[in-house]
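> Sequence plus the predicted model coming up.
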Amino acid sequence: MIKLLLLLSVIIYQATPTQFIVKGTIRCNIRKKFNVTLVLEEFDEFTWDDTIKRKELINKASGVTHNYTIQGTYSEGDGYFDFTYEPIINFYHNCLTNRSDLGYIGKQFDGVPTSTPIASFTYNVVLDDKIFQP
């Protein structure tokens, strides 16, 4: 009986794969060249957030607006009785006046039902001296 209940809970809980696409612009006005790591994640309430995709942008020219796109597919579900994904885009960068720090800015988007096949978002960001801005 317990095996049957476990099997049913897994069958009921299967999530449809969702492709997340985040596009936008990124800019740094402080340094001649800057680096940024984009991390697309799915927010989890009680455990570590799940990384969907990671992308490096290296030696980008300062004072120029750069386009970016990061996309990845996620189908891990979001916990029992939670049928909504909460996508997050994080930017870890060195666009700072104090060159010994690591900058960070993040954006959590509105929830997406786990049955959604494609979810697309736009986020434009200026990184200048953003140390921590959730």
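Cool, got the structure.
> I'd like the distance from residue 28 to residue 51, if you could.
Residue 28 sits 24 Å away from residue 51, going by CB to CB, to the nearest Å. The C-beta positions use only the backbone N, C-alpha and C, and glycine is treated the same way.
> quick one, which of the two is more surrounded?
The neighbour comparison of residue 28 against residue 51 (other CB atoms under 10 Å) goes to residue 28, with 28 against 14.
> Report the beta-bridge partners for the most centrally placed residue in the chain.
Nearest residue to the geometric centre of the chain (CA atoms, centre = their mean): residue 40, 2.3 Å. As for beta bridges, residue 40 partners with residue 53, residue 89 under DSSP bridges.
> pretty sure it is touching residue 91, no?
No. With contact defined as CB atoms under 8 Å, residue 40 does not reach residue 91; the gap is 10.8 Å.
> follow-up on the earlier one: state the distance from the residue nearest to the centre of the chain to residue 66.
Distance from residue 40 to residue 66, by CB to CB: 17 Å.
> just residue 42 next, same as before
As for residue 42, its distance to residue 66 is 25 Å (criterion: CB to CB).
> Settle it for me: which of these two has more neighbours?
For the pair residue 42 and residue 66, the greater number of neighbours falls to residue 42 (20 against 14), based on other CB under 10 Å.
> just checking, what packs against the host helix or strand of residue 26?
Element membership of residue 26, judged by DSSP states H and E, is strand 18-27. Packed against strand 18-27 by the contact rule (3 or more CB pairs under 8 Å, 6 or more residues apart in numbering; DSSP states H and E) you find strand 33-42, strand 50-61, strand 66-74, strand 87-93, strand 118-122, strand 125-126.
> So what are the sheet partners of it and their directions?
strand 66-74 (antiparallel), strand 118-122 (parallel), strand 125-126 (parallel).
> which parts of that strand are buried?
18, 20, 22, 24, 26, 27 (16 or more other CB atoms under 10 Å).
> next one: stretch 113-129
Buried, per 16+ other CB under 10 Å, within stretch 113-129: 114, 119, 121, 123, 125, 127, 128.
> Return the residues in contact with residue 42.
Contact analysis of residue 42 by CB atoms under 8 Å, 6 or more residues apart in numbering lists 49, 50, 52, 74, 76, 78, 85, 86, 87, 88.
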